[in-house]
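>>> Predicted structure and sequence below. I'll ask about it afterward.
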Amino acid sequence: MSLLDQQKDAPPEVRAVINFLRSKNGPKLRTGVLNGKRVDYFKGSGAVKALLTPAYAKLKNAPKVTSEAEATAVLSQTVRHAFFLRVDRGESITLTSGQTKTKAKVVTVNQMQLFEQEMYYAWFYEGSQWTTYLGGALMVVVLLAGVMFPLWPPMFRQGVSYLSMGVLGLVGLFFVIAILRLIFWLITIVAAPPGIWIFPQLFADVGFVDSFIPFWEWDIKVKKKGKKSKKGTKEEGSRPDTPDDSLRPPKAASLGSDSEISRPSSARGGVTVEDVKDEDD
């Protein structure tokens, strides 16, 4: 029996659990490679925690879960329908997608299909496909509507023509405003330097209304503070009479206390090593 046949035989309550786990409320997904193809897999403990969340408690037509033992029992029943299969992890490899590089584990399907929290499981189910079907149907409707435009009623065709003319008029008005503001800036940069911009936020990364606020503004460039050009020179804006810290004599250590030099780096606030949590936890 194939995986699709096993999934078709799943009862409605099992499908409700699977759809919940495959949604954003499900366990944390990891990227793996199975037979040269990219797959999503998760840890069993993550699925158990997902069934104990309040979001799952609100789910209808799904088995009730109140403890980890009940969650494990429910997941043990769902694993038999091959929506996800137990896998063993191998070595890590690097996957390249354009300019993005991600690390992934090579996984292989284990022959012993049972559910435990410390095991890993790869998805063989993409979730509900109703959004894909709806998008495909809308695309077909739009294409048919465009092809059958000559058969539209005269009133609809006239409305579409008016709408297209309005959009083209707005685009043309935008170009006219851009050309006029450039001409006005060229005139004011000579007559009243440093020049005036009309709608200075027109090409800024702001909203539509904010693109036209303020109406005008002087063309004044904000100067950035200068960086160090040579070793020992200070940035622009710093006090010239401030002595360099490196030229100050070290403070004498007080009697009865350790000096700063004798202290280890951890005591002086130096570099510290943080414990990084393993991604498999």
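Thanks, I have it. Numbers count the residues shown, from 1 in each chain.

>>> quick one: low-confidence ranges for the stretch 51-200 of the chain?
By pLDDT under 70, the weakly predicted segments of the stretch 51-200 of the chain are 127-129.

>>> could you pull out the strands for it?
For the stretch 51-200 of the chain, the strands defined by DSSP state E, counting those that start in this stretch cover 84-97, 100-109, 120-123, 196-198.

>>> Hmm, Tyr125 and Gln7 touching each other?
Yes: under the criterion of C-beta atoms under 8 Å, Gln7 makes contact with Tyr125 at 6.6 Å. Every C-beta, even on glycine, is put in place using the N, C-alpha and C of the backbone.

>>> between those two, who's got more neighbours?
Tyr125 (19 against 16; other C-beta atoms under 10 Å).

>>> Over to that one: give its phi and psi.
Tyr125 has phi and psi values of phi -150, psi 130 when expressed as degrees, to the nearest 10.

>>> List the contacts of it.
By C-beta atoms under 8 Å, 6 or more residues apart in numbering, the residues touching Tyr125 are 7, 18, 22, 83-84.

>>> Select only the buried ones of those in PyMOL?
Listed next is the PyMOL selection for buried residues among those, using 16 or more other C-beta atoms under 10 Å:
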select buried, resi 7+18+22+83+84
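
>>> Next, give me the two most distant ones among the contacts of Tyr125.
Using C-beta to C-beta, the two most remote members of the contacts of Tyr125 are Gln7 and Arg22, lying 12.1 Å apart.

>>> picking up where we left off before, from the strands of the stretch 51-200 of the chain, pick the one with the highest average neighbour count.
Most buried of those, by mean neighbour count (mean count of other C-beta atoms under 10 Å): strand 120-123, with a mean of 21.

>>> chain center to it: distance?
Centroid separation between strand 120-123 and its chain, computed with C-alpha atoms, centre = their mean, to the nearest Å, is 23 Å.

>>> remind me, longest helix of the protein?
helix 154-191 (DSSP state H).

>>> Which neighbouring elements make contact with it?
Secondary-structure packing of helix 154-191 (3 or more C-beta pairs under 8 Å, 6 or more residues apart in numbering; DSSP states H and E): strand 196-198.

>>> what packs against the strand it packs on?
Against strand 196-198 (3+ C-beta pairs under 8 Å, 6+ apart) you get helix 154-191, strand 216-218.

>>> Quick one: closest of those to Gln201.
Comparison of the helices and strands packed on strand 196-198 against Gln201 by C-beta to C-beta identifies strand 216-218 as nearest, at 8.5 Å.

>>> Could you count how many residues lie near the spatially closest residue to Phe149 that is not a sequence neighbour?
The shortest distance from Phe149 to any non-neighbouring residue, by C-beta to C-beta, 6 or more residues apart in numbering, is to Arg157 (7.0 Å). Neighbour count for Arg157, taken as other C-beta under 10 Å: 13.

>>> Would you mind putting the strands of the stretch 51-200 of the chain into JSON lines with distance to Thr72 alongside?
As requested, the strands of the stretch 51-200 of the chain are arranged in JSON lines below (distance: least, C-beta to C-beta, whole Å):
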{"stretch": "strand 84-97", "distance to Thr72": "14"}
{"stretch": "strand 100-109", "distance to Thr72": "21"}
{"stretch": "strand 120-123", "distance to Thr72": "13"}
{"stretch": "strand 196-198", "distance to Thr72": "66"}
